[in-house]
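> generate a structure from the sequence data that follows.
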Amino acid sequence: MKVAGLGFKRDVTLASLREALLAAGGFEGLAAVATVSDKADAEALEQLARECGVPIRAIPAELLAGIDTPTQSKLVAKKFGTGSVAEAAALAAAGPRARLIATRAVSQDRTATAAIAEGDGA
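Numbers count the residues shown, from 1 in each chain. A predicted model of the protein is given here:
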């Protein structure tokens, strides 16, 4: 199971999410997109999921906290307890033995990040 994790600012656009996902490796083979629960209803994310033909997996912030990620943002670590929402969400949604196949990529406007993990599913 291949899952794209997405981190983004609330006012993100579909174009920025798409750009970050393409930079991380693209849409092909995705089973789901995942993000922190409080942003799972963002319109741009819903549009991206429809475009990819996959469901959105909402990951509670407390599950993201403590997930070790290869990339680190001090701001994200302070707010969520993990270095990258995108990487942590991808890992959490892809299952307990998941591994990242693409670390976070950032959109040019810096409003979206994406990472891709592969695993057995949750």
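> next, count neighbours for Gly66.
Applying other C-beta atoms under 10 Å, we find 10 other residues in the vicinity of Gly66. C-beta: built from backbone N, CA, C; applies to glycine.
> name the SS class of it, please.
Of the three states, Gly66 takes coil under DSSP: H, G, I helix; E, B strand; the rest coil.
> please shift the residue numbers so they start at 448 in all later answers.
Got it, the first residue is 448 from now on, which makes the last one we talked about Gly513.
> right, and it touches Ala524 too?
No - between Gly513 and Ala524 there is no contact under C-beta atoms under 8 Å: 10.6 Å.
> pretty sure Ala549 sits in a strand.
Yes - with three-state DSSP as the criterion, Ala549 is assigned to a strand.
> residues near the residue lying closest to Cys499 once chain neighbours are set aside, how many?
Distances taken as C-beta to C-beta, 6 or more residues apart in numbering place Phe474 nearest to Cys499, at 4.9 Å, with adjacent residues excluded. Counted by other C-beta under 10 Å, the residues lying close to Phe474 total 15.
> so which residues of this structure form helices?
All helices of the chain, identified by DSSP state H, fall at 461-471, 490-499, 508-511, 521-527, 532-541.
> got CSV for the ones you listed, with distance to Val450, mean neighbour count and mean pLDDT too?
Output for the helices of the chain, formatted as CSV (distance: least, C-beta to C-beta, whole Å; neighbours: other C-beta atoms under 10 Å; pLDDT from 0 to 100):
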stretch, distance to Val450, mean neighbour count, mean pLDDT
helix 461-471, 11, 21, 98
helix 490-499, 11, 17, 97
helix 508-511, 14, 17, 92
helix 521-527, 18, 13, 82
helix 532-541, 4, 30, 95
